[in-house]
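1. I would like the atomic coordinates for the input below:
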Amino acid sequence: MRFRAAIKFRRSGSRPAGARKRHPFLALAFGIMVLALPFAASAEECPAGNLVPAARITGIDLRGQVRAVADSWVADEGAPWDSPLAVVLAGAGASVSVDLGAVTPLSSLMIQADGDDYYLVDGSRDNATFFPICRVRPFGGGGLRTRRVDLGGINTRYLRVTGSGGNGRYSIAELEAVCRASAGPAHFGVVLEPPREGWLSSRLVLAVKLATALLAAALFLYGWLLRRRGRPGAHNSFRDRVLMVLGIAGVLCWWNLGAFHFYNYRHPGELFHYFLGAKYFEELGYDGLYRCTAAADAEAGLESRVRDWSYRDLGTKKDLVSGAAMLEQAGECTQRFSPGRWREFKLDVAWFRSWVPPLNWMAIMQDHGYNASPAWWLAGSLLTCRLQASDLSVLALALIDPLLLIGMLALLVRVFGWRAAAVAAIWWGTNLPADFSWTGGGFLRQDWLLLTVAGVCLVRKERWAAGGAVIAFAALLRIYPLFLAAGLGCKALACLVQRRSLALERGHRRFACGFLASSVLIVLLSAAVSPHGVDSWTGFLKNGRTLLSANATNYVGLPTLLSYDPAALLRKVDAASFWERVSLWREQKERVLASRLWARLALTLLLVGLLLARVRAVEDWEALVLGVGLIPFAVSSSSYYASIYLLYGLLWERYKERVALPLVALAGLTQLGLLVWGQASRQEELFAWVSLWVVSTVLWMTALRRS
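-> Below you'll find the predicted structure:
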């Protein structure tokens, strides 16, 4: 009844009976609220989000910019402890201090710092007397690691962070002090905690890949044992069904069972480089992408942030330069572009910048740029010239590669049969070096692989001229298919010696004509269409040499193996900054490789000798496949080009389990290596072992003879 009377009072303005008796209570409550307002304002005022970026930050005995702890740039988990994103606490009394401006109740604290150490966080209300707030424990091993601490509303104005214990190397990449938890992260959308992967986690995908490779190895081992016992046809139908299931599983594994990158199908870095590199090749060439992106960011109001960033020098592929140095050359960009093209470029850059989190944006600026050949540019520019970067256009470009890969698998099944295709698919889908994370979801990154497979299929069908033309096109897209032609060249040479004649056989002659004609036609066409003319090819060759000289921890090949020195790992090199460590590390690797030149020459001569002895007794398409073995001995290439080793699976028809078993065992070994050396700081060790396994497998494949 009283509730209804109150509603009636609000609506009609009349006072219900008994309301006058409540006036003294209401007046007293109102008076208490008025008297409490000043105290509530001082003790309960609680801004939302991270309070550190707006605070005054100082430091003692630091190396690096102290504002790095408040720039909202969170490093990758496990990144080097002295990453450019971190400030190093260099002295015994080093500390970082934060003045929040007023006494504030803090509900939580986040710190990203070296994971091996303790960090002491003290608070103060007057900057004279400090009291302990929390002791942040080591977490996750070496490298930068993120830890969160619930503070429960501790009132403080000043924060002071110092290092303690551990290995004595202290660094802080980011600080976050929160009074009132907000609905989302308060650092430009960078998610600190790993994204929820649902039931299909990266661990589960790794388990499925490893299980697929190991089950395939067990299947082929069983088949080999049956063949040794004179029962090659035993349980044939059962083994065929298992092989088919494992082949389908291998195909699905390359796409991570549909989880792709576990957050998105599209690959931001790949799409950024190849979309802008193709569309604006006339203005950017091979060295202008990052410089003009920095200029576009600065004109978008991010100049202060650009000046604090570091960018890869695309002229050397090795060095990093400051954003300030990039902006000094920004005038070159506006001179290269017409006003309309510059506006369009800035719009495209703005779209990618809005799509990519800031930390990833900085990582993209430290990659190795746009490196496609003028032959690739013919198709790339045709597809991008009239496109504006958007969700729809970028997704459409990213969906081209799946169609190419489906075509590749269909060719394998059609020409070599489903069993050989299944063996190839198991390697392709379950190996670590060339998994989806590197180039999956990119733009025209699998065209060279489709053309390589198509060239082998054409030669198998005795269409030598067409096969030579297609492999030449593939080699002009990516250099590695050229080694297939070298394999066939070894057979042609062996035939000339055997027949003691200078006349090439008909098939070899037609292959060479197709290869040369295609090469000349594509080079002339691309030079004629390219805005840089013939200089586009000279620029590409110079850029390629520079790229190959820039050692990376994910390179695979004999040079990577021979330059490996456990005492000179990147994580063990001592220098003042991370990039100085990288420079010293590269110099050490070059010295170690030079000292082992004799081993490289001996192993390479061994491979060439085995290849020349082998190719005399094989068909032309098999000689092409065996030429793949020259790749890891000649160069160390980025790991994702290891997908070309799927061609070894095509030898199934000739060698059965003796080819299939080592190939799928190699895939399984690479996944097991990920379990042992999966930390980001141990990638160098992982790929050194992968290089050893690849080199050993190639030697086995080349020495194998038909029984």
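2. So what does Val534 look like in phi/psi?
-> Comment: the main-chain dihedrals of Val534 come out as phi -60, psi -30, following degrees, to the nearest 10.
3. dump the residue contacts of Leu100.
-> 51, 55, 156-159, 177 (Cβ atoms under 8 Å, 6 or more residues apart in numbering). (Each C-beta comes from the backbone N, C-alpha and C, glycine too.)
4. does it belong to a helix or a strand, and which?
-> Take DSSP states H and E as the rule and Leu100 turns out to sit in strand 95-114.
5. Show me which residues of that strand are buried.
-> Along strand 95-114, these residues count as buried under the neighbour rule (16 or more other Cβ atoms under 10 Å): 95-98, 100, 103-114.
6. Stretch 295-302 now?
-> Neighbour count says stretch 295-302 has 295-299, 302 buried, by 16+ other Cβ under 10 Å.
7. Please save the CA atoms from that stretch in CSV.
-> These are the backbone C-alpha positions of stretch 295-302, laid out as CSV (Å, rounded to 0.1, in the frame of the first residue of the first chain):
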residue,chain,number,x,y,z
ALA,A,295,55.0,9.3,-43.6
ALA,A,296,51.4,8.3,-44.0
ASP,A,297,51.1,7.5,-40.2
ALA,A,298,52.7,10.9,-39.4
GLU,A,299,50.2,12.8,-41.5
ALA,A,300,47.4,10.8,-39.8
GLY,A,301,48.4,12.5,-36.5
LEU,A,302,50.8,9.7,-35.2
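8. from the middle of its chain, how far away would that stretch be?
-> From the chain centre to the centre of stretch 295-302 is a distance of 26 Å (Cα atoms, centre = their mean, to the nearest Å).
9. With stretch 232-251 instead?
-> Shown here is stretch 232-251, whose average C-alpha point lies 33 Å from the average C-alpha point of the whole chain (Cα atoms, centre = their mean).
10. Looking only at residue counts, what's the top helix in this structure?
-> Secondary structure assigned by DSSP state H gives helix 202-228 as the longest helix of the chain.
11. Show me what it is packed against.
-> For helix 202-228, the packing partners by 3 or more Cβ pairs under 8 Å, 6 or more residues apart in numbering; DSSP states H and E come out as helix 236-254, helix 418-430, helix 657-676.
12. tilt between the last one and helix 236-254?
-> Relative orientation of helix 657-676 with respect to helix 236-254: 40 degrees, computed using axes from the mean of the first three to the mean of the last three Cα atoms, to 10 degrees.
13. Just the mean pLDDT for helix 657-676, thanks.
-> pLDDT averaged over helix 657-676 equals 95, rounded to a whole number.
14. so what's the residue nearest the centre of the chain closest to, chain neighbours aside?
-> Compute the mean C-alpha point of the chain, and by Cα atoms, centre = their mean the closest residue is Trp438, 5.0 Å away. If the residues on either side of it in the chain are set aside, Trp438 comes closest to Tyr640, at 3.7 Å by Cβ to Cβ, 6 or more residues apart in numbering.
15. on that earlier part again, which of the helices and strands packed on helix 202-228 is buried the deepest?
-> Counting by mean count of other Cβ atoms under 10 Å, helix 418-430 has the highest mean neighbour count of the helices and strands packed on helix 202-228, with a mean of 26.
16. what's that one packed up against?
-> Counting by 3+ Cβ pairs under 8 Å, 6+ apart, the packing neighbours recorded for helix 418-430 are helix 202-228, helix 236-254, helix 400-416, helix 652-655, helix 657-676.
17. Ala602 is nearest to which of these?
-> For Ala602, the closest of those is helix 657-676, at 22.4 Å, according to Cβ to Cβ.
18. Please save the CA atoms from the closest one in CSV.
-> Taking C-alpha atoms only, helix 657-676 is exported to CSV below (Å, rounded to 0.1, in the frame of the first residue of the first chain):
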residue,chain,number,x,y,z
GLU,A,657,57.6,-47.2,-48.2
ARG,A,658,61.3,-46.4,-48.7
VAL,A,659,60.4,-42.9,-49.8
ALA,A,660,57.2,-42.4,-47.8
LEU,A,661,58.6,-43.5,-44.4
PRO,A,662,61.5,-41.0,-44.2
LEU,A,663,59.3,-38.2,-45.6
VAL,A,664,56.5,-38.5,-43.0
ALA,A,665,59.1,-39.3,-40.3
LEU,A,666,60.7,-36.0,-41.1
ALA,A,667,57.4,-34.2,-40.6
GLY,A,668,56.9,-36.0,-37.3
LEU,A,669,60.4,-35.0,-36.2
THR,A,670,59.8,-31.3,-36.9
GLN,A,671,56.6,-31.4,-34.7
LEU,A,672,58.5,-33.2,-31.9
GLY,A,673,61.2,-30.5,-32.2
LEU,A,674,58.5,-27.9,-31.6
LEU,A,675,57.7,-29.6,-28.3
VAL,A,676,61.4,-29.5,-27.2
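19. and it, what does it pack onto?
-> Secondary-structure packing of helix 657-676 (3+ Cβ pairs under 8 Å, 6+ apart): helix 202-228, helix 418-430, helix 683-703.
20. Between helix 418-430 and that helix, find me the angle.
-> Counting by the same axes, to 10 degrees, helix 657-676 lies at 10 degrees to helix 418-430.
21. chain center to helix 657-676, what's the gap?
-> When distances are taken as Cα atoms, centre = their mean, helix 657-676 is centred 22 Å away from the chain's centroid.
22. Next: stretch 114-134.
-> The gap between the average C-alpha position of stretch 114-134 and the chain average comes to 37 Å, counting by Cα atoms, centre = their mean.
23. Any stretches of the chain with poor pLDDT?
-> Judged by pLDDT under 70, the chain has its weakly predicted residues at 1-45, 140-141, 152, 180-199, 359, 551, 575-579, 679-681, 707.
24. residue boundaries of the strands in it?
-> 56-60, 62-63, 87-89, 95-114, 118-124, 130-136, 144-164, 170-178, 310-312, 320-322, 555-556, 637-638 (DSSP state E).
25. got CSV for these, with distance to Ile426 too?
-> What follows is these, written out as CSV (distance: least, Cβ to Cβ, whole Å):
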stretch, distance to Ile426
strand 56-60, 54
strand 62-63, 49
strand 87-89, 46
strand 95-114, 40
strand 118-124, 47
strand 130-136, 45
strand 144-164, 36
strand 170-178, 41
strand 310-312, 36
strand 320-322, 40
strand 555-556, 19
strand 637-638, 22
